[in-house]
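>>> Take a look and give me a structure for this.
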Amino acid sequence: MTIFFPVLLVFLMISQLPAVNQDQYKLVGHEPILAKVGDDVILPCHVEPPFDVNDLTIEWRFKGKKIYVHRSQKRDDTTSDPEYKNRTFMVHKNLTHGDISLSLTNLVKEDDGNYTCLVPKLESQVKKRNVTLKIDENGAKGNITDPGDGNGDNNGRDIGLGVGIPVSIVIIIVIIIVIIIVIIIAVLYYLLRNQIFSCLSNNKSRHEQGRNDGDRRGNGNQGDEAEALQDIGQQNQSG
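Purely as a prediction, here's the structure:
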């Protein structure tokens, strides 16, 4: 019975916590990017709220081709289109912030169009986002950057967001804290109850012992009175 109430309390507290649903995360893209032939640009895409996506599979697609695939914490050249091998890069250190932006270098006119960043196993109903790149000889340059060497050693501009804590982790921490508190309360309650019962038992024993001693003393006094009366009667008869 002692353990039932803490378990019930934990269940009630957990039931009041916000549920983690499939809309916990979302992909955020960018407005159309304007660039010129020969530019190097970043195609922005990141996860909100930000978290480490290194262990997830990430795909960038363009005109039906997988121009960049990130799998098992590195670039997967077996599934990435070889035509883009030396022109597409991802800053791996930014993946810890949920930044899955793609660097595209040495633009050509044929790069104009819609690009799709896709995270197949993202806990969201929307697992992809489109980014539009417009190649315009007279237009403004896009977000130009040094794409680095493709291994995350990018000295250019980082567009990753600050590190955030997913809601699920916060909920797990809260549940653990609540369980620890409930266990401590249950242990203290158990020890206090045993101590109270022990005190009551000792008091009862002392009370019964005192009552027995009083009964014995009472019986002794009655015996003395009976003997005194008997002596008085004998004296009267002798007289």
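
>>> Return the set of residues that bridge with His70.
Ile58, Arg75 (DSSP bridges).

>>> That one contacts Asp77, doesn't it?
No: His70 is not in contact with Asp77 according to C-beta atoms under 8 Å; the separation is 11.0 Å. Placement of C-beta: from N, CA and C, glycine included.

>>> shared neighbours of these two, anything?
Common contact partners of His70 and Asp77 (C-beta atoms under 8 Å, 6 or more residues apart in numbering): none.

>>> quick one: which of these two has more around it?
Legend: neighbour count by other C-beta atoms under 10 Å for His70 and Asp77, higher for His70 (22 against 11).

>>> which residues sit in contact with that one?
With C-beta under 8 Å, 6+ apart, His70 has these contacts: Leu56, Thr57, Ile58, Glu59, Asp76, Met90, Leu95, Ile100.

>>> Pull out the buried residues from those.
Leu56, Thr57, Ile58, Glu59, Met90, Leu95, Ile100 (16 or more other C-beta atoms under 10 Å).

>>> just these now: which is nearest Glu48?
Of all the buried ones among the contacts of His70, the one sitting nearest Glu48 is Ile100; the distance, using C-beta to C-beta, is 11.5 Å.

>>> for that closest one, what are its contacts?
Cys45, His46, Val47, Val53, Ile58, His70, Met90, Asn94, Cys117, Val119.

>>> Near the fourth one, how many other residues are there?
The one in question is Val53. So Val53, with other C-beta under 10 Å, has 22 neighbours.

>>> Which of the three states applies to it?
Under DSSP: H, G, I helix; E, B strand; the rest coil, Val53 falls in the coil class.

>>> After the lowest-mean-pLDDT helix or strand in the chain, which helix or strand is next?
When each helix and strand of the chain is scored by mean pLDDT, DSSP states H and E, helix 4-16 comes last, with a mean of 55. The helix or strand immediately downstream of helix 4-16 is strand 26-28, counting by DSSP states H and E.

>>> For that next one, buried residues please.
Leu27.

>>> Return the set of buried residues in the helix or strand following it.
Later in the chain than strand 26-28, the nearest helix or strand by DSSP H and E is strand 33-35. The neighbour-count check on strand 33-35 (16+ other C-beta under 10 Å) flags Ile33, Leu34, Ala35 as buried.

>>> again, but for stretch 88-104
Buried-residue list, stretch 88-104, by 16+ other C-beta under 10 Å: 88-92, 94-95, 97-104.

>>> Please verify my assumption that Thr79 contacts Lys65.
No: Thr79 is beyond contact range of Lys65, at 10.6 Å (criterion: C-beta under 8 Å).

>>> Show me the protein divided up by domain.
For the chain, automatic domain parsing gives the domain ranges 1-21+166-207, 25-164.

>>> which one of these is the most hemmed in?
With neighbours taken as mean count of other C-beta atoms under 10 Å, the domains of the chain reach their highest mean count in domain 25-164, at a mean of 17.

>>> same question for it, mean pLDDT?
Domain 25-164 comes out with an average pLDDT of 79.

>>> Could you number the chain from 8 rather than 1 from now on?
Okay, residue one is now 8; in that scheme the one you just asked about reads as domain 32-171.
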